[in-house]
Each structure stands twice: as C-alpha cells, then as structure tokens.
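Student: only geometry, no sequence info:
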Ligand SMILES: [Zn+2]
C-alpha cells in the first residue's frame, strides 16, 4: 500500500515538472504565481519542482516582477541551450543532419549524398556517426547536454524495437537499428519520416493544428503521418497511414511494394518529374525548369494539371477516411509550393457534397522542407517534455 502511494507521488512530481517545463517552453518567462494559476497547482509545489528544474539546468530565476500586493513575484525563465539534440533525415538521395537546441535553433547542419546503390545501411550509419562526432568536437558542446540522436526514416518503423520494417523505395526490410547503437555515444531513436513530421507540426509549430492533422510528406514517395487527439496514430502493426500505397488507378503502374496503381506513383515529386521527362522526352530535365515552363507552355501546364488532379484525388480520400481538421503538405515538394498549392486546394473542394473549405484546412507546412528533420531532433526530447509516448 505505502509502496503504491510513493510511486504515485513520484509520478505526480514528474508530471508537474513536465507541465512546468512545457508551459515555460511556450511562454519563455513567467512568475511562479502565474505558473501556479495557469497549471492550477499550489505555489509550494511550483517552488519545489522548479527548484529541481533549475538544478537540472532547464530554468533560471530571472529577477522579480512588479508586485500586485504582497511580495514581488520571482520570474522563471526557460533556458533553450540547456540541452541539445541531433536530427538525422535519411531519404533515397541524401542524409541531412542537424544539431539543434531545445528551441529548434539549428546550431549546425551537414548533408551528404546517399550512395548510388545502397547494399547495406551500415555505410550510411558510420558516415552519420563520423559527422556527429565532428559536430560535437567542433562546436564544443558538452556530451552530457546531448539528449540523443533521432532518425527520420523513409519506411514503416517499430520505434520501440528500433526496427525499420519496410522500405520499398530503397529495397530494404527489417533493418535493426539496435545493432547501430554501438556506433554512437548517445541514445538513438527512430521514426517514420511522415510521423516525425507530424510530431514536429504538433510540437514546434504549435497552433490549432496540433489535435487533428494529417501530414503528407511528398518526396521520392508519399508518406502520411496521422495525429488524432494529440497522439500519432500508428495502428496495430505500426504501419497506419500508408496512404502513398492506396490504389488510385485500378491495374495502374506497378509499384515497388508489389501492388499496382499506388497513389505515390502518380503524386510524388518523383512522379511529377517523371511525367515531365516523358512528355518532353528529356531524361535529364529538372523540376525547376519544367515548372517554370508550365507558366507559359500548354503541354507543360497539362502535365502539372494532371499531377495536381492525382494529388487532389488522394487527399479527398484521406479527408473522407479521417475527417482531419488540418492537412499539411511538406517534404521535398515544398520548394514548388507556389506552382501547386492554389490549384490543389481548388480541386480538393470542388465537386463534392461532403465538406467545404471551412471544415478542413489544407496548406503547405510552414516548417517547409525541414519538418522531417525537426521531427527527428524532437524524438530524443520527448522524454523531457512528455510522460507518455503519444502513440496510438
Ligand atoms: Zn505501392
């Protein structure tokens, strides 16, 4: 009985500390009285817990505020440089590594190209480890301030078992990241890139998007991260949200996943580039030039129009399946926002009797191309901000 009671007390203490940390993270500075009022906890509880957070380096006392009667209230301030985190985003083409503080200020970033043909993940991991070692040494950051390394990966992920389960676009299955732990001095965490992007949206880009959103990451393929009531929905086998592989054309093009007519074959960035190259018989053409051409040239315009049609059809299916409040689009397609966004929104909301623009907010993420790598850097921070892992 007494044992149970002491565990509960400990949980409450930790929960209160996380609440205080979250509140100051959002507000930067508050008085102890304000914290007590906003969190509905007593001032002695605020004082004892914030003292522990000061000892751990997360907060400092920053003077006093004007008195509203009685003693002048002490101000507490959040210290974003008290911890650091690494985010690693692996795509088919490149690896991007960032070092950030707790406010997601990028201290430094490095990227390198993926090998032409990837036979083994070990090469990529050892190169990543070298880059991280370099950053730690060159930026003189004390290793005990580094929370860990988060990886944002282009496939389905079991985050608890550190297992990258299926990456059809790279031709890998069941890659264990446990065996890669020995390459690093810090704890490692992994997540699917679209889920990581959705985490980034809910936490960093704190707005009304946080409760209910679908993040659509458009790169080589299409990944989607689904947030329902503040939790990322991963499903029973941890592969929910594989909308990139829903069939959009019956008996359509053959996909790496084994199915035919998958959405990503028609609506990924790779699909758009492929369609342009085919239409103009130009195997080396690049997306920037093709899209510029589409402003004047009717043939180029038609390619873009067909692409946006396919993108819109998939998003309509997602809206009808999940009824999310927000749909955010990001990934490597982000730089082409201005060519796509307006027409896409128009197509999504015409010709349907179920919903209109006021019921679902569709937009490109304002984290831009960085959502996945920010999401990766967020993974090691979750322990300090949350009690539970926010996964359904
Ligand atoms: Zn597929």
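Tutor: Done, it's in. Please read these numbers as outputs of a predicted model, since none were measured by experiment.
Student: hey, let's count contacts and neighbours off CA atoms from now on
Tutor: OK.
Student: where exactly do the helices run in this structure?
Tutor: All helices of the chain, identified by DSSP state H, fall at 2-27, 32-39, 43-55, 121-138, 193-203, 264-267, 269-279, 287-293, 298-322, 337-349, 371-378, 382-385.
Student: quick one: residue 248 from the ion, how far?
Tutor: To the ion, residue 248 is 10 Å away according to CA to the ion, to the nearest Å.
Student: and that residue, what does it touch?
Tutor: 261-263, 313-314 (CA atoms under 8 Å, 6 or more residues apart in numbering).
Student: one more pass at 6 Å, please.
Tutor: 261-263 (CA atoms under 6 Å, 6 or more residues apart in numbering).
Student: hmm, residue 241 is touching residue 223, no?
Tutor: No - the pair formed by residue 241 and residue 223 falls short of the contact definition of CA atoms under 6 Å, at 7.4 Å.
Student: flag every residue of the stretch 251-392 of the chain that's near the ion.
Tutor: 255, 257, 262 (CA under 5 Å from the ion).
Student: the second one touches residue 168, doesn't it?
Tutor: By that I understand residue 257. Yes - counting by CA under 6 Å, residue 168 is a contact partner of residue 257 at 5.4 Å.
Student: between those two, which one's more packed in?
Tutor: Legend: neighbour count by other CA atoms under 10 Å for residue 257 and residue 168, higher for residue 168 (16 against 13).
Student: and the more buried one, its phi and psi?
Tutor: Dihedral angles of residue 168 (phi, psi; degrees, to the nearest 10) stand at phi -60, psi -40.
Student: could you do residue 114 as well?
Tutor: When read as degrees, to the nearest 10, the backbone of residue 114 gives phi -70, psi 150.
Student: pull the number of nearby residues for it.
Tutor: Using other CA under 10 Å: residue 114 sits among 15 other residues.
Student: likewise for residue 152?
Tutor: 30.
Student: which residues touch it?
Tutor: So residue 152 contacts 89, 191-193, 376 (CA under 6 Å, 6+ apart).
Student: highest neighbour count among the residues you listed?
Tutor: Ranking the contacts of residue 152 using other CA under 10 Å puts residue 376 first, with 33 neighbours.
Student: let me know the pLDDT of it.
Tutor: Residue 376 carries a pLDDT value of 97.
Student: next, work out how far apart it and residue 370 are.
Tutor: Look at residue 376 and residue 370: by CA to CA, to the nearest Å, they are 10 Å apart.
Student: what residue in the stretch 101-250 of the chain comes nearest to the ion?
Tutor: Residue of the stretch 101-250 of the chain nearest the ion, by CA to the ion: residue 245 (4.0 Å).
Student: ok, for that residue, nearest residue in space, not its chain neighbours?
Tutor: residue 262 (4.6 Å; CA to CA, 6 or more residues apart in numbering).
Student: what about the one you found, neighbour count?
Tutor: Counted with other CA under 10 Å, residues neighbouring residue 262 total 27.
Student: tell me who's in contact with it.
Tutor: Counted by CA under 6 Å, 6+ apart, residue 262 has contacts 245-248.
Student: swap in residue 307?
Tutor: Applying CA under 6 Å, 6+ apart, the residues contacting residue 307 are residue 267.
Student: tell me the spacing between it and residue 268.
Tutor: 9 Å.
Student: same question, residue 103
Tutor: 31 Å.
Student: do residue 251 as well
Tutor: Distance from residue 251 to residue 268, by CA to CA: 18 Å.
Student: of these two, who's got more company?
Tutor: Neighbours were counted for residue 251 and for residue 268 using other CA under 10 Å; residue 268 has more, 25 against 11.
Student: surely that one and residue 221 touch.
Tutor: Yes - counting by CA under 6 Å, residue 268 touches residue 221, with 5.2 Å between them.
Student: buried residues in the worst-scoring helix or strand of the chain on mean pLDDT?
Tutor: Scoring the helices and strands of the chain by mean pLDDT, DSSP states H and E places helix 2-27 at the bottom, with a mean of 83. Using 16 or more other CA atoms under 10 Å as the test for burial, helix 2-27 gives 14-25.
Student: what's the angle between it and helix 43-55?
Tutor: Using axes from the mean of the first three to the mean of the last three CA atoms, to 10 degrees, the inter-axis angle of helix 2-27 relative to helix 43-55 is 70 degrees.
Student: tilt between helix 2-27 and helix 193-203?
Tutor: 80 degrees.
Student: neighbours of residue 320, just the number please.
Tutor: 12.
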